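1. build me a structure from this.
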Amino acid sequence: MRARVKALSVLLTLCMLCSLLYTPVASAATEQTDGSVTGSISATIRIDYEQTLDEIKERMVKAEILKGGTSIGSINLWEDFSSGYLKKDTKEYPFEVKVRSNDNNPEYLDFTVKNLPTGKYTVKFTGKGYVSYSENI
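-> Now for the predicted structure:
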């Protein structure tokens, strides 16, 4: 009888030790999938022919960010904007736009969207008189 109690005690101790070893691994996996890991999307559009920033504004050149086919929001690429937010439901995603120009003629339109949860995204570029372009990320 004493041998059985001792064997059960050893078995119980081993089970408790194994559960301690398993718990941190499950916790780390949960942290990875609960949206706490974020990233950013950055892009640059090069303007190859001469046009003013007012012309780009008139043509409404934009970048739209989509996740799973649902729009998170659009960014006006003619506005040199150091901090703004795309808002979707209760979430906010900070973005920046930088217009790099020579005189009043832009040469590059840069943007970055930050704090995006992991996943698949589409960036869609549009503007009146331009061919639309999409890129899956």
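
2. in the protein, where is pLDDT below threshold?
-> 1-35, 89-90 (pLDDT under 70).

3. all helices for it, in order.
-> Applying DSSP state H to the chain gives helices spanning 2-33, 53-58.

4. pretty sure Ile137 sits against Lys124.
-> No. Using Cβ atoms under 8 Å, Ile137 makes no contact with Lys124, being 11.3 Å away. Quick note: C-beta positions are derived from backbone N, CA and C, even for glycine.

5. need the residue closest to the centroid of the protein.
-> Leu116 (2.7 Å; Cα atoms, centre = their mean).

6. and that residue, how close does it get to Tyr133?
-> 20 Å (Cβ to Cβ, to the nearest Å).

7. repeat that for Ser42.
-> In terms of Cβ to Cβ, Ser42 sits 16 Å off from Tyr133.

8. likewise Ile75?
-> Counting by Cβ to Cβ - Ile75 and Tyr133 are separated by 15 Å.

9. equivalent analysis for Asp80, please.
-> From Asp80 to Tyr133 the distance is 22 Å (Cβ to Cβ).

10. comparing those two, which shows the higher neighbour count?
-> Asp80 (15 against 12; other Cβ atoms under 10 Å).

11. ok, and the closest non-adjacent residue to that one?
-> Sequence neighbours aside, Val99 is the residue nearest to Asp80 in space, at 4.4 Å (criterion: Cβ to Cβ, 6 or more residues apart in numbering).
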